[in-house]
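Enquirer: Got a predicted structure here, sequence first:
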Protein chains: 2
Amino acid sequence: MTLENISSNKSFGGWNKQYTHRSTALNCNMRFAIFLPPQIVSGEKVPVLYWLSGLTCTDENFMHKAGAQRLAAELGMAIVAPDTSPRGDDVTDDADGSYDFGLGAGFYVNATQAPFNRHYQMYDYVVNELPDLIEANFPVTQQRAISGHSMGGHGALTIALKNPARFSSVSAFSPIVNPMQCPWGQKAFSGYLGKDIEQWKAYDATELMKHTDARLPALVDQGDQDNFMVEQLKPEALVAVAESVGYPLELRMQEGYDHSYFFIASFIEDHLRFHAKHFA
Amino acid sequence: MTLENISSNKSFGGWNKQYTHRSTALNCNMRFAIFLPPQIVSGEKVPVLYWLSGLTCTDENFMHKAGAQRLAAELGMAIVAPDTSPRGDDVTDDADGSYDFGLGAGFYVNATQAPFNRHYQMYDYVVNELPDLIEANFPVTQQRAISGHSMGGHGALTIALKNPARFSSVSAFSPIVNPMQCPWGQKAFSGYLGKDIEQWKAYDATELMKHTDARLPALVDQGDQDNFMVEQLKPEALVAVAESVGYPLELRMQEGYDHSYFFIASFIEDHLRFHAKHFA
């Protein structure tokens, strides 16, 4: 697999870079962003935090708005931010061009339904292809953590719960924790996975937590003024399951915060320190 | 003057807000952003850093990308970011729609040339109208500092040099320090100020520094990999004048950094601490 470097900006002594490459899993060209901390200059290999963004985002939103590089540079942590869906002229978008299905809304699943199954294999891309690519091309260890926002929080939680051996910790901001029970998730899963809701359970964090033996440490921040909390995010569903099965989930309800990157920036330091602690 | 609040996002215990208002100086409706730190909750009044953005920017770029809120919240400092030009359907834009003149490129001058003189009075707006509005409507002291990037660095330096009694310190990232001698400045000053280059000297930091008695502390950061440095920014011109007149300018050439917000984010902490020290 060939990586093409398309941008490089020095940042806190390290580098923000963007690359494009052909994705086998997604059957299209993809772009990702990576922050490389200054420790790599001395030949040190660093662990990687994978960040999954939310609806409508690309690889850029987190790198531009979260302010994570300062502490990642201090801690010696790389951050990798993939795009949120396959892209390109031949990738089928939502017929109505809505923001919550199709391009920019891959939902981190492997689609089984035509025509989406041709490209929408974001689960395989994030779990396997992208880490393989990163570990083959950058000075990183095989220590991995995963985090994300909203749709990306759903992605981070489900991927971590299904792959506890590949990640040492998981966190999320404002995640969709029970997509089977909310409009965003029902629309996405109907389109990508079909009508059989039994198939949906494989990508629903609340369902997965009921049955997993995994005990990967999990930190979730949720703003109590988030306009999407009641209808779409439903954090109480995950908390109830975590309590019933004894899962080590810390969910913090943050007073006055909303769904924006201003919220993420305010608490990203805690998440980076949480992941760094579990890398050790 | 009536302020209309159009957004509010909690951030680091404080608030990012945007307001619109009718501007007398600019003869149009304007939008600005303000960060209010958490100290105001207890009734404390806080000093204000005015941030002037660069070409094509609005009031949002700095607030979304610079990561300044974390330390501003800690230091107890408000930040105000105005838009970079007058706006609206009746505001004359560049005839060619270029990015470096007209809308988004007000250059912080008072235009004397028709049709631009009807609205392009950004100097008066930033020096007088906006601080008056802020100080009448928010819990702030009359302690003011000013900073900016590129075109906004030019704005910050010229405004501070011309108004040393109104600001306690000035800083800039990648400023246009000698606009009379670079293509961006020559285009803007020709259009806004006319052909008489004697009139341009009133808005050129290098010219102003030659003749001022002001000794406002000044900090400038410049990336040595900035693509605009040689042709447009010319930091050496300001350094030479500062040395010749004994002006307290610290210009730091930052190795490997470019013109982007990744550069600003990397060093904004130093600028906030610099201004906080001089507020005291």
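Expert: Received the coordinates, thanks.

Enquirer: looking at it, residue A:143 is touching residue A:277, isn't it?
Expert: No. Residue A:143 is not in contact with residue A:277 according to CB atoms under 8 Å; the separation is 11.9 Å. C-betas here are computed from N, CA, C, even on glycine.

Enquirer: Out of those two, name the residue with the larger neighbour count.
Expert: residue A:143 (20 against 12; other CB atoms under 10 Å in any protein chain shown).

Enquirer: Looking at the stretch 1-150 of chain A, what residue ends up closest to chain B?
Expert: residue A:67 (3.5 Å; CB to the nearest CB).

Enquirer: pLDDT score assigned to residue A:1?
Expert: In this model, residue A:1 is scored at 64, pLDDT.

Enquirer: ok, now residue A:280?
Expert: For residue A:280, the model assigns a pLDDT of 80.

Enquirer: which residues of the stretch 101-250 of chain A fall in strands?
Expert: All strands of the stretch 101-250 of chain A, identified by DSSP state E, counting those that start in this stretch, fall at A:140-148, A:169-173, A:218-223, A:249-254.

Enquirer: which bits of the stretch 51-200 of chain A sit near chain B?
Expert: Within reach of chain B by CB under 8 Å from any CB of the partner chain, the stretch 51-200 of chain A has these residues: A:64-65, A:67, A:69-70.

Enquirer: Which members of these occur in helices, if any?
Expert: A:64-65, A:69-70 (DSSP state H).

Enquirer: what about residue A:54, which SS state?
Expert: Taking DSSP: H, G, I helix; E, B strand; the rest coil as the rule, one finds residue A:54 in the coil state.

Enquirer: For it, grab phi and psi.
Expert: phi -100, psi -170 (degrees, to the nearest 10).

Enquirer: How about the one 3 residues further on?
Expert: When quoted as degrees, to the nearest 10, the phi and psi of residue A:57 stand at phi -80, psi 170.

Enquirer: Return the residues in contact with it.
Expert: A:84, A:104, A:149, A:152 (CB atoms under 8 Å, 6 or more residues apart in numbering or on different chains).

Enquirer: is it true that the second one touches residue A:84?
Expert: Yes. With contact defined as CB under 8 Å, residue A:104 counts as touching residue A:84 (5.4 Å).

Enquirer: show me where the stretch 151-280 of chain A has helices.
Expert: Counting by DSSP state H, counting those that start in this stretch, the stretch 151-280 of chain A has helices at residues A:151-162, A:183-193, A:197-200, A:205-211, A:235-245, A:261-279.

Enquirer: among those helices, which is the most enclosed?
Expert: Among the helices of the stretch 151-280 of chain A, helix A:151-162 has the highest mean neighbour count (mean count of other CB atoms under 10 Å in any protein chain shown), at a mean of 28.

Enquirer: Mind giving me the packing neighbours of that helix?
Expert: Helix A:151-162 sits against strand A:46-52, strand A:140-148, strand A:169-173, helix A:205-211, strand A:218-223, with contacts defined as 3 or more CB pairs under 8 Å, 6 or more residues apart in numbering or on different chains; DSSP states H and E.

Enquirer: Just name the most buried of these.
Expert: Most buried among the helices and strands packed on helix A:151-162, given mean count of other CB under 10 Å as the contact rule, is strand A:169-173, at a mean of 29.

Enquirer: helices or strands up against it?
Expert: With 3+ CB pairs under 8 Å, 6+ apart as the test, strand A:169-173 has strand A:140-148, helix A:151-162, strand A:218-223, helix A:261-279 packed against it.

Enquirer: Return the angle between stretch directions for that strand and strand A:140-148.
Expert: 30 degrees (axes from the mean of the first three to the mean of the last three CA atoms, to 10 degrees).

Enquirer: contacts for strand A:169-173?
Expert: With contacts defined as CB under 8 Å, 6+ apart, strand A:169-173 is touched by A:145-150, A:152-154, A:156-157, A:159-161, A:216-222, A:263-264, A:267, A:271, A:274-275, A:277-279.

Enquirer: what distance separates that strand from the centre of its chain?
Expert: 9 Å (CA atoms, centre = their mean, to the nearest Å).

Enquirer: show me where pLDDT drops low in chain A?
Expert: Where chain A drops to pLDDT under 70, the residues are A:1.

Enquirer: At the geometric centre of it, which residue do we find?
Expert: The centre of chain A sits closest to residue A:52, judged by CA atoms, centre = their mean, with a distance of 2.3 Å.

Enquirer: Cross-check the contact I'm expecting between that residue and residue A:158.
Expert: No. Applying CB under 8 Å, one finds residue A:52 not in contact with residue A:158, separated by 10.0 Å.

Enquirer: can you list residues touching both of the two?
Expert: Common neighbours of residue A:52 and residue A:158 (CB under 8 Å, 6+ apart) are residue A:108.

Enquirer: List the contacts of residue A:272.
Expert: Counting by CB under 8 Å, 6+ apart, residue A:272 has contacts A:49, A:68, A:71-72, A:75, A:77.

Enquirer: Just the closest of those residues to residue B:37, please.
Expert: For those, the residue nearest residue B:37 by CB to CB is residue A:71; the value is 20.1 Å.

Enquirer: Any idea how many residues pack against that closest one?
Expert: Number of residues near residue A:71 (other CB under 10 Å) recorded here: 19.

Enquirer: Return the distance of it relative to residue A:268.
Expert: For residue A:71, the distance to residue A:268 equals 7 Å [CB to CB, to the nearest Å].

Enquirer: With only the CA atoms kept, save stretch A:32-46 in CSV.
Expert: What follows is stretch A:32-46, C-alpha atoms only, in CSV (Å, rounded to 0.1, in the frame of the first residue of the first chain):
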residue,chain,number,x,y,z
PHE,A,32,-6.3,10.4,7.0
ALA,A,33,-4.6,12.8,9.4
ILE,A,34,-1.8,11.9,11.8
PHE,A,35,-0.2,13.8,14.6
LEU,A,36,3.4,12.7,15.2
PRO,A,37,4.8,13.9,18.5
PRO,A,38,8.4,15.3,18.8
GLN,A,39,9.6,12.2,20.6
ILE,A,40,9.9,10.3,17.3
VAL,A,41,12.9,12.5,16.3
SER,A,42,15.1,10.6,18.8
GLY,A,43,14.0,7.3,17.3
GLU,A,44,11.4,6.6,20.0
LYS,A,45,8.3,4.6,19.0
VAL,A,46,5.1,6.0,20.3
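
Enquirer: Fine by me, thanks again.
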